[in-house]
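**Student:** The following comprises the amino acid sequence and a computationally predicted model.
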Amino acid sequence: MKAPKIFAGTRLRQARERAGLTQRALAVELGISPSYLNQIEAEQRPLTARLLARAAARLDLPSSYFQDGEDARLAQQLREDLADPLFRAHPGAPAQIEALVRGAPHLAEAFATLYRAYDSQRAALAHAPASLPLFPYDEVRDWVQSRRNHFEALDRAAEALFEGQGFSPLTLREDLRRYLRDAHGISVSAAPGLLAEGMFWRLNRRAKALHLAAEAAPESEMFWLAHVIARLEQERAIEAELRRVRFSAEETYGLARLALVNYFAGALVLPYGRFHDAARTARYDIQRLQRQFGASFEQVCHRLSTLQRPDLPGIPFFFAKTDIAGNVLKRSSATRFQFAQFGGPCPLWNVYRAFSHPGEILVQLARTPDDAIYLNIARTVGRGGGSYLSRPRAVAVVLGCETRHAAQTVYAAGLDLGNAKAAEPIGPGCRACSRTDCRHRSVPPLGAALDTGTAARGVVPYRLKSEVAGG
């Protein structure tokens, strides 16, 4: 797969200056001429994959620091922030926002951080405590997003364990049980009443016993075993990752720690090299990959969204998991696709149609307001509750990529990828969406001036004044 060109000269120059290196000194370490580095920093040449990896290693930065997707994430963040009525007199044109992100990314990040702090305090003063516990989750999500949902050190550690122990994908559950017994002296057993207590597993360290919910699906049990191994063995590597980030509260560190434990578990269940090669061979056919690795639909989708190793990248996917009420339970993106922070996701997204077609794979071409076109694959996931009286959770997942990568997948079959009119217009949620002609809009965009005159009545009971002025 041909990697997209990355122009990140401003970010490279700022990182070099923070490290106290001259242009000549960094050029020598990267193995290029000072004039070539000067052209990169002037945005006249792109960063190659090799130079990106070398620069990230020398400057002690994640490779995602230089990715265009980070600029897109930050620009979308600023657009949402500036849509607040507070900034009605200074809304910020899209071109101005993009110029700020490219020319002064740290200033843009500082503004976004300041606005989040302001918004949190505003919620507290408005006596809205229910919104406050979400803030640490949002902070961790933003951090994972800034890393393009890829943590290289943990990924390689999981792969080394899998290959070093001679694990096999189709016997992995038994392999992990045996490993816990041999390496840690921990016995694993099924506990019939555990799920009724709302627990998936319980580890008794003193008795060296791990109890798993007896009702667990094999792929879930496999993930939990890998999760426990991560807790037992990866504390040092996880703390090393956390030392590189600064969160606002200790609770946020706890959530980030859990996210990294889960990341290692997913990487152990689906080891990078094997899974990457299998995905390319299968043309990213999720069901084939399920059978090959004994994993669930959701596990395969989520893992596909993490394949961003600098020297062996997969297709850059975004991934989301949502419930039937529109609550986004998980989200990550290695693309420029961005999720709205407030106002709910777009009802035209095929992930919501999936609930009326349980178990079916739905494929959609969708166009976002920046005119990017995505191939989206959505399906409901999960199992029944095991009892008539239980209330199983209705959830669905969606995996998407830009259409320039779609031909590498089986899901592009029969689609007119080059026809923009064939793509359904979607947005980041009504409050953050700039579309003025959408018949499905539920609320106006934040900061928009409305015209509620009675001269005409459309499907939506108001019009935006800019829309009226435009004709």
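**Tutor:** Nice, thanks for sending it over.

**Student:** and Ser168, what does it touch?
**Tutor:** Counting by C-beta atoms under 8 Å, 6 or more residues apart in numbering, Ser168 touches Asp175. C-betas here are computed from N, CA, C, even on glycine.

**Student:** Tell me the pLDDT of it.
**Tutor:** On the pLDDT scale, Ser168 is placed at 97.

**Student:** And for Leu26?
**Tutor:** 91.

**Student:** burial count for it?
**Tutor:** Using other C-beta atoms under 10 Å, Leu26 has 23 neighbouring residues.

**Student:** show me what contacts it?
**Tutor:** Taking C-beta under 8 Å, 6+ apart as the test, what Leu26 contacts is Arg16, Ala19, Leu37, Ala55, Arg58.

**Student:** what do you get for Ala407?
**Tutor:** Leu417.

**Student:** separation between it and Arg379?
**Tutor:** 21 Å (C-beta to C-beta, to the nearest Å).

**Student:** cool, and Gln39?
**Tutor:** 46 Å.

**Student:** Looking at these two, which one has more neighbours?
**Tutor:** Arg379 (22 against 15).

**Student:** Count the neighbours of the closest residue in space to that one that isn't next to it in sequence for me.
**Tutor:** In space, and not counting its chain neighbours, Arg379 is closest to Ile361: 4.9 Å by C-beta to C-beta, 6 or more residues apart in numbering. By other C-beta under 10 Å, the residues close to Ile361 number 15.

**Student:** Equivalent analysis for Phe87, please.
**Tutor:** Neighbours around Phe87, by other C-beta under 10 Å: 14.

**Student:** Any figure for the gap between it and Gln308?
**Tutor:** 33 Å.

**Student:** for Arg231, same thing?
**Tutor:** For Arg231 relative to Gln308 (C-beta to C-beta), the value is 24 Å.

**Student:** and what of Cys433?
**Tutor:** 28 Å.

**Student:** And for Arg367?
**Tutor:** 24 Å.

**Student:** Looking at these two, which is more packed in?
**Tutor:** Gln308 (23 against 18).

**Student:** quick one: Gly185 from Leu232, how far?
**Tutor:** Distance from Gly185 to Leu232, by C-beta to C-beta: 11 Å.

**Student:** who has more neighbours, these two?
**Tutor:** Shown here are Gly185 and Leu232; by other C-beta under 10 Å, Leu232 has more neighbours (14 against 9).

**Student:** SS state for Leu399?
**Tutor:** Put simply, Leu399 is strand when judged by DSSP: H, G, I helix; E, B strand; the rest coil.

**Student:** quick one: it and Phe318 touch, right?
**Tutor:** Yes: contact status for Leu399 versus Phe318: in contact at 7.5 Å, counting by C-beta atoms under 8 Å.

**Student:** Who are the contact partners of Val398?
**Tutor:** Per C-beta under 8 Å, 6+ apart, neighbours of Val398: Phe319, Ala320, Thr322, Trp349, Asn350, Val351, Ala354, Asn376, Ile377, Ala378.

**Student:** Can you show me the strands along this protein?
**Tutor:** Assigned by DSSP state E, the strands in the chain fall at 187-191, 201-204, 209-213, 308-309, 312-313, 318-323, 328-333, 362-367, 373-381, 395-402, 424-425, 450-451, 463-464.
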